[in-house]
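Participant: Sequence first, then the predicted structure, then my questions.
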Amino acid sequence: MGDHSHGSPEESGTVAKADDVAQDRFPDPGLPPHRPRLADRDPRAAKRHERQVALLFTISIIGTLFFFVAYFVLGRLGEMTFAELRVQNAALGLGTAFAMLGIGVGIVHWAKTLMPDHELVEQRHEISSEKDRQDAVDIIDTVIEETGIKRRPLIRNTLIGAIALAPIPAIFMFRDLDRTGKTAHQMIEQMRHTLWDTGVRLTRDPSGTPIKASDVQLGSAFHVIPEGLENAENMLNEKAKAVVLLMRMDPQEMNISEGREDWHVDGIVAYSKICTHVGCPIALYEQHTHHLLCPCHQSTFDLANECKVIFGPAGHALPQLPITVDADGYLVAQSDFHEPVGPSYWERG
């Protein structure tokens with residue numbers, strides 16, 4: 001008796017589907033035909049593109065030089081006003097932008113208009129012999145030759161000039177992070193102290209009007225600077241360290257640690273405005289939750305718990321400024337902050 005079995009229906013269906021897939025396949029069309037560009041056919045167009053690339057690299061050089069003018073000329077005028085700082089920052093930004101964009105756009109334009117654009121497919125294999133290494137060197141030489149950098153001195157020279165000048169601004173900026181000539185220990189000590197001291201009045205920012213305890217209502221918040229800030233030698237630097245947020249909340253809702261019982265005035269507390277993550281100014285106060293929020297990276301500090309971090313990347317709580325009232329009822333500092341303000345650093349302790 002013969003065996004007439006031809007497999008199950010499921011197996012037959014699988015074979016049929018595989019045949020359908022094989023029939024649906026289409027041949028690899030390969031690479032599209034190469035279309036010569038205008039610069040490939042017309043030497044005058046190639047020369048024009050060469051001048052355009054050189055112009056872009058020249059713009060990069062001009063941008064770097066403009067940065068130097070803004071940095072060394074405007075930056076050496078002594079104490080600068082806010083308006084002058086804005087002008088200098090805008091000039092520095094424009095100079096850097098043109099320096100970087102000139103190089104980037106120039107290289108892209110060079111590649112799209114002058115470098116060979118034909119496509120090649122080459123299988124990769126391990127370099128295991130001297131012949132393979134020589135082939136790799138030959139490929140690199142071919143790439144350099146195809147860029148045309150050897151036969152296009154205008155592009156080569158402007159590119160070298162742009163690339164040579166571009167990193168110099170960064171070198172000077174890093175070098176001049178501190179122009180005071182102080183030692184590392186002196187700089188650390190300077191970071192630890194602000195203009196706040198015993199008896200220094202808390203004043204409104206930016207008017208400088210002293211603040212009385214009676215002016216601060218429950219739920220209110222004041223942006224505060226120390227009295228006499230305008231007379232400081234480096235006003236902007238000192239303000240960056242000394243700015244404070246002043247708020248009032250119900251003393252019954254405050255969790256006060258030992259030693260800080262007298263750092264507030266009937267629920268009026270003062271904390272550094274500088275976020276302990278990267279130093280952004282904190283300006284958002286949620287009255288109902290007693291939370292302070294940093295708008296940069298959403299670090300959140302709990303005012304009811306001595307501004308401890310409850311969310312976000314900040315590393316530690318905001319430093320508190322001990323305050324009291326003087327004989328005239330004005331809010332004054334008891335002392336400087338008891339810890340450095342701002343982000344952490346190695347020597348902060």
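Facilitator: The structure has been received and is ready for your questions.
Participant: For the top helix by length along the chain, name the packing helices and strands.
Facilitator: Scanning the chain for the longest helix, with DSSP state H as the assignment, gives helix 82-113. Helix 82-113 is packed against helix 43-68, helix 153-165, helix 168-175, with contacts defined by 3 or more CB pairs under 8 Å, 6 or more residues apart in numbering; DSSP states H and E. Quick note: C-beta positions are derived from backbone N, CA and C, even for glycine.
Participant: quick check: angle from that helix to helix 153-165?
Facilitator: 140 degrees (axes from the mean of the first three to the mean of the last three CA atoms, to 10 degrees).
Participant: Identify each buried residue in helix 82-113, please.
Facilitator: Residues of helix 82-113 classed as buried: 88, 91-92, 95-96, 98-99, 102-103, 105-107, 110, 113 (neighbour count, 16 or more other CB atoms under 10 Å).
Participant: got it, and stretch 215-228?
Facilitator: Asp215, Val216, Ala221, Phe222, Val224, Ile225, Pro226, Glu227.
Participant: what residues does it touch?
Facilitator: Under the contact criterion CB atoms under 8 Å, 6 or more residues apart in numbering, stretch 215-228 has outside partners 194-196, 200-206, 208, 210-211, 239, 242-250, 267-268, 270, 273, 283, 285, 287, 331, 333.
Participant: Narrow those residues to those in strands?
Facilitator: 202-204, 244-248, 268, 270, 285, 331, 333 (DSSP state E).
Participant: And the residues you listed, which is the shakiest by pLDDT?
Facilitator: On pLDDT alone, Tyr285 ranks lowest of the ones in strands among the contacts of stretch 215-228, at 92.
Participant: contacting residues around that one?
Facilitator: Shown in contact with Tyr285 (CB under 8 Å, 6+ apart): Ala221, Leu245, Met247, His291, Leu292, Leu293, Leu303.
Participant: just to revisit the earlier point, out of the helices and strands packed on helix 82-113, nearest to His34?
Facilitator: For the helices and strands packed on helix 82-113, proximity to His34 was assessed by CB to CB; helix 43-68 is nearest, at 16.7 Å.
Participant: Can you get me the centre-to-centre distance for the closest one and its chain?
Facilitator: Offset of helix 43-68 from its chain centre (CA atoms, centre = their mean, to the nearest Å): 28 Å.
Participant: mind listing what's buried in that helix?
Facilitator: For helix 43-68, the buried set under the neighbour-count rule, 16+ other CB under 10 Å, comprises 46, 49-50, 52-54, 56-64, 66-67.
Participant: Could you find the closest non-adjacent residue to Glu230?
Facilitator: Computed as CB to CB, 6 or more residues apart in numbering, the closest residue to Glu230 that is not its neighbour in sequence is Gly208, at 6.8 Å.
Participant: My guess is that neighbour contacts Leu229. True?
Facilitator: Yes: between Gly208 and Leu229 there is a contact under CB atoms under 8 Å: 7.4 Å.
Participant: Compare the two and say which one has the larger neighbour count.
Facilitator: Set Gly208 next to Leu229 and count neighbours by other CB atoms under 10 Å: Leu229 wins out with 19 against 14.
Participant: At the geometric centre of the chain, which residue do we find?
Facilitator: Val278 (10.5 Å; CA atoms, centre = their mean).
Participant: Please name the residues that touch it.
Facilitator: By CB under 8 Å, 6+ apart, the neighbours of Val278 are Cys296, His297, Pro343.
Participant: and Gln186, how many residues sit next to it?
Facilitator: 12.
Participant: Buried subset of the contacts of Val278 as a PyMOL selection?
Facilitator: Those of those that count as buried under 16+ other CB under 10 Å are selected in PyMOL with:
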select buried, resi 343
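Participant: Mind putting the contacts of Val278 into CSV with distance to Ile140?
Facilitator: Listed next are the contacts of Val278 as CSV, based on distance: CB to CB, whole Å:
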residue, distance to Ile140
Cys296, 45
His297, 44
Pro343, 45
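Participant: ok, so of the contacts of Val278, who is nearest Asn157?
Facilitator: Looking across the contacts of Val278 and measuring by CB to CB, the closest to Asn157 is Cys296, at 43.2 Å.
Participant: Check whether the closest one really touches Ile282, as I assumed.
Facilitator: No: assessed by CB under 8 Å, Cys296 is found out of contact with Ile282, at 9.1 Å.
Participant: where does the stretch 101-250 of the chain dip in pLDDT?
Facilitator: 118-128, 177-185, 187-188 (pLDDT under 70).
Participant: how about a cut-off of 50?
Facilitator: Across the stretch 101-250 of the chain, nothing is flagged by pLDDT under 50.
Participant: circling back: next step: the buried residues of stretch 215-228 restricted to strands.
Facilitator: Using DSSP E, those in strands are Ala221, Phe222, Val224, Ile225, Pro226.
Participant: tell me which of the residues you listed is nearest to Arg156?
Facilitator: Using CB to CB, Ile225 comes nearest to Arg156 of those, at 55.0 Å.
Participant: gap between the closest one and Met235?
Facilitator: To Met235, Ile225 is 10 Å away according to CB to CB, to the nearest Å.
Participant: and what of Ile103?
Facilitator: 38 Å.
Participant: can you pull the contacts of Val143?
Facilitator: Contacts of Val143 (CB under 8 Å, 6+ apart): none.
Participant: Next one: it relative to Val137, how far apart?
Facilitator: Counting by CB to CB - Val143 and Val137 are separated by 11 Å.
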